[in-house]
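Visitor: fold the stuff below for me.
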Amino acid sequence: PILDLLNWINYRTNDYVTTSSCSGRISLFQNNDSSENKGGTWLYVEHECDDAQEVHYQVQQAVFDSEADGDAELKLLFEGLLLHVEARSLGHAQALLALVQQCGYRESGMCVGVGGRYMVHVRTTAFTMQVPFARKLMTRELLTYLVDQLLSRYQHNKLRKEKLFAMLQAKCECPNEQGEAVNSTTSTSGEAVYLWWRV
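Guide: Take a look at the predicted model:
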């Protein structure tokens, strides 16, 4: 779902490259029974959730599986967009951070690594949802309601991602015939940073 955004950043700009990223997902997780092992099993994970009927069906099947452990503890989750972008310079990182925060990714941040690597972490917790429950206590009606909430958050996350992509495209213009950038953004230090497409 974010391949178009990742490709645009990686191949249409000279100053940024993405690393590990996630478009956002709906998932169902089952905790291990053993207290010695804090892991568990992913019963359902989906990043493309436009088919609401299919999402409802798959989650219902996983929760009400007749062969599953009725005493198991499960978690329904929605996790939003997570994007890691390495920038060419501190100024470029600051400019990108300012832009993504304008888009609503208010929990985003930046870190400077060893060797002068500048990494921008794009994220928001606005759409995060986590519901723990015991399988034996869940009803079909309640599960339908909860999945509807997850799907609503998925759509909000999708719209915000599209807004981010549009703002990036609006801010990043290719150089003109004289090799001069025709658009720019400003870093938090006041430095004008030109974001050029790779053409």
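Visitor: for the rest of this, base every contact and every neighbour count on C-alpha atoms.
Guide: Will do.
Visitor: give me the most central residue, this structure.
Guide: residue 81 (1.0 Å; Cα atoms, centre = their mean).
Visitor: any stretches of this structure with poor pLDDT?
Guide: 34-37, 172-199 (pLDDT under 70).
Visitor: all strands for it, in order.
Guide: Counting by DSSP state E, the chain has these strands, from start to end: 16-22, 25-31, 40-46, 73-79, 82-87, 109-112, 118-123, 129-134, 185-186, 192-193.
Visitor: who are the packing partners of the first one?
Guide: Packed against strand 16-22 by the contact rule (3 or more Cα pairs under 8 Å, 6 or more residues apart in numbering; DSSP states H and E) you find helix 3-12, strand 82-87.
Visitor: now it: buried residues?
Guide: 16, 17, 18 (16 or more other Cα atoms under 10 Å).
Visitor: what are the pairing partners of that strand, and which direction each?
Guide: strand 82-87 (antiparallel) (DSSP bridges).
Visitor: give me the residues contacting the strand it pairs with.
Guide: For strand 82-87, the external contacting residues (Cα atoms under 8 Å, 6 or more residues apart in numbering) are 15-24, 93, 117-124.
Visitor: CA atoms only for that strand - export them in CSV, please.
Guide: Output of strand 82-87 as CSV, limited to C-alpha atoms (Å, rounded to 0.1, in the frame of the first residue of the first chain):
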residue,chain,number,x,y,z
LEU,A,82,5.6,3.9,10.1
LEU,A,83,8.2,5.3,7.8
HIS,A,84,12.0,5.6,8.3
VAL,A,85,13.8,8.0,6.0
GLU,A,86,17.5,8.6,5.9
ALA,A,87,18.4,12.2,4.8
